[in-house]
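J.: Quick one: sequence plus predicted model below, questions after.
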Amino acid sequence: MKSNTSGFVGFPDNDPDSDIPVDDENLLKNRPILDRIIVISAGVIANIVFAYIIIFAQIVFVGLPVQEAFPGVIVPEVRPFSAASRDGLLAGDVILSINEIELPKTVPNSVSKVVDIIKKNPKSVVSFKVNRGGKDFLINVTPDQNMDGSGRIGVQLSPNVRILKEKPKDVLQAFSFTGREFWGLTFNVVDSLKQTFLNFSQSASKVSGPVAIIAVGAEVAKSNVDGLYQFAAILNINLAVINLLPLPALDGGSLALILVEAIRGGRKLPLEVEQGIMSSGFTLVFVLGLFLIIRDTLNLDFIKDL
């Protein structure tokens, strides 16, 4: 079983040196199916409860993150020696229109619209109306051409939104905000995990281990301490969801074996079969964890600079 800190918790059942009789009714393996399900699920439940508490604390002390949209598209970064840099776009500019096509706040796909127009106009002048420091400017940019024939100007783009913090007026509203945020984050975690499995060949390189997670947490702490609440909540929800997967060495794997036992009318799988399944799972998790730790360590900025 995993604790909410993702550490493994052992039971006397697994201790070969234990002097407890193998038929002792208090051993976990000899308990009724429902008892075992409750015990094995404790780590997952702890992660979920801890995530909820973190979100509640965020709502009370920081407020509920509320996204407010504004017209246009933000340019957070302009790459050196790019078409955008050459023709006068600057980081922090807000693109209000492109080729006289307005980008109001009501349009959810403004970023993709800008990208599409740029891609369709390699080596052709594209007119941008930008807001910079409260003043509007017209800037003409000629996109460079990619190898595939599409245009590029060398910028990062993001929706023009601001995150406001709304504090609850009373305890009931605090719980309402917490529930809304908790289920929203849970849906995003489950959906991301689903997309990872459905497109594993494309997303495998993005799977992160403990080193990368710690590095991300450090970056969040440096940029915005308030973001640590959400980071910690997402981390706990991730642990809960992943731990429920029916894979050997995870709590979900143990629950799957109990489910098989229930389907078989209370008859367990042969001991050697269960041990083989779990030991292979432990080996797989260990090898995968070691690989992710080594890969993520080598990708740390200060390691790359050595």
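T.: Structure's in. What do you need? Numbering: from 1, shown residues only.

J.: On the strand side of things, show who Ser127 bridges to.
T.: On the basis of DSSP bridges, Ser127 takes part in beta bridges with Asn140.

J.: so who does it touch?
T.: With contacts defined as Cβ atoms under 8 Å, 6 or more residues apart in numbering, the neighbours of Ser127 are 98-100, 138-140. No exception for glycine: its C-beta is placed from N, CA and C like everyone else's.

J.: and if you look at Gly276?
T.: With contact set as Cβ under 8 Å, 6+ apart, Gly276 has no partners.

J.: switch to 10 Å and redo it
T.: 248, 269-270 (Cβ atoms under 10 Å, 6 or more residues apart in numbering).

J.: That one: which element?
T.: For Gly276, the enclosing helix or strand under DSSP states H and E is helix 271-298.

J.: Give me the mean pLDDT for that helix.
T.: The predicted model gives helix 271-298 an average pLDDT of 70.

J.: ok, so what distance separates Gly154 from Phe61?
T.: 40 Å (Cβ to Cβ, to the nearest Å).

J.: higher neighbour count, those two?
T.: Neighbour comparison, Gly154 and Phe61: the larger count goes to Gly154, with 18 against 10 (by other Cβ atoms under 10 Å).

J.: Cross-check the contact I'm expecting between that one and Ser85.
T.: Yes. With contact defined as Cβ atoms under 10 Å, Gly154 counts as touching Ser85 (6.6 Å).

J.: Mutual contacts of these two, please.
T.: Common neighbours of Gly154 and Ser85, using Cβ under 10 Å, 6+ apart, are 78-79, 141.

J.: tally of neighbours for the nearest residue to Leu90 once chain neighbours are set aside?
T.: For Leu90, ignoring the flanking residues on the chain, the nearest one in space by Cβ to Cβ, 6 or more residues apart in numbering is Val78 at 6.2 Å. Using other Cβ under 10 Å, the number of residues around Val78 comes to 20.

J.: Retrieve the pLDDT associated with Val78.
T.: Predicted confidence (pLDDT) for Val78: 92.

J.: Relative to Leu157, how far out is it?
T.: Using Cβ to Cβ, one obtains 11 Å as the distance from Val78 to Leu157.

J.: now swap in Gly133 and tell me
T.: Using Cβ to Cβ, one obtains 19 Å as the distance from Gly133 to Leu157.

J.: Then Asn99?
T.: Asn99 sits 15 Å away from Leu157 when distances are taken as Cβ to Cβ.

J.: and what of Asn140?
T.: For Asn140, the distance to Leu157 - Cβ to Cβ - is 18 Å.

J.: higher neighbour count, the two?
T.: Ranked by neighbour count (other Cβ under 10 Å), Asn140 and Leu157 place Leu157 first, with 18 against 10.

J.: separation between the closest residue in space to Gln58 that isn't next to it in sequence and Val161?
T.: If you skip the residues right next to it in sequence, Gln58 has Tyr229 as its closest partner in space, 3.6 Å away by Cβ to Cβ, 6+ apart. Per Cβ to Cβ, Tyr229 is found 19 Å from Val161.

J.: and stretch 84-92, how far from the chain's centre?
T.: 31 Å (Cα atoms, centre = their mean, to the nearest Å).

J.: Is the nearest residue to Ala57 once chain neighbours are set aside part of a helix or strand, or is it coil?
T.: Counting by Cβ to Cβ, 6+ apart, Tyr229 is the residue found nearest to Ala57 once chain neighbours are left out, at 6.6 Å. Here Tyr229 is helix, with the state taken from DSSP: H, G, I helix; E, B strand; the rest coil.

J.: That concludes my questions; thank you for your assistance.
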